[in-house]
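Visitor: only geometry, no sequence info:
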């Protein structure tokens, strides 16, 4: 079955109220983010063995480092109870304002 047909079928079943959508924490990370980190690590390893130019290696590292930090932060926060996660997100939303000059 083609993906478009499956999506159309799922929308129909949802519109008949036979099923409901349920989001699961971490599902998207497992499907999209984690494989990207693995691919970036593989590319970084290949860049070392292929003797790629330094600027290429630097660009790979600049991409990998923040993604790795986000992933570690997500893993740390996901172990906390939902109420604590929610509070941390609310607290974190105010942090950038402390570093952005007023009017900027």
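Guide: Okay, I see it. Not measured: the values here are computed from a predicted model.

Visitor: Sketch out the helices for the chain, chain order is fine.
Guide: With DSSP state H as the criterion, the chain has helices at 3-15, 27-28, 34-49, 54-78, 82-93, 95-99.

Visitor: nearest to residue 21, of those helices?
Guide: Set against residue 21 and scored by Cβ to Cβ, these come closest in helix 3-15, at 6.9 Å. Using the backbone N, CA and C atoms, a C-beta is placed for each residue, glycine as well.

Visitor: average model confidence for that closest one?
Guide: When pLDDT is averaged along helix 3-15, the result is 73.

Visitor: repeat for stretch 56-73
Guide: 91.

Visitor: Pull out the buried positions in it.
Guide: If you call a residue buried by 16 or more other Cβ atoms under 10 Å, then stretch 56-73 has these buried ones: 60, 64.

Visitor: Can you tell me what sits against that stretch?
Guide: 29, 33-34, 36-37, 40-41, 43-44, 47-48 (Cβ atoms under 8 Å, 6 or more residues apart in numbering).

Visitor: thinking again about what came up before, distance to residue 21 for the helices of the chain - can I get that in a markdown table?
Guide: Formatted as a markdown table, the helices of the chain follow (distance: least, Cβ to Cβ, whole Å):
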| stretch | distance to residue 21 |
| --- | --- |
| helix 3-15 | 7 |
| helix 27-28 | 12 |
| helix 34-49 | 22 |
| helix 54-78 | 20 |
| helix 82-93 | 18 |
| helix 95-99 | 31 |
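
Visitor: gap between the residue of the chain positioned farthest from its centre and residue 10?
Guide: Most distant from the centre of the chain: residue 16, at 32.1 Å, with distances by Cα atoms, centre = their mean. From residue 16 over to residue 10 the distance is 11 Å, taken as Cβ to Cβ, to the nearest Å.
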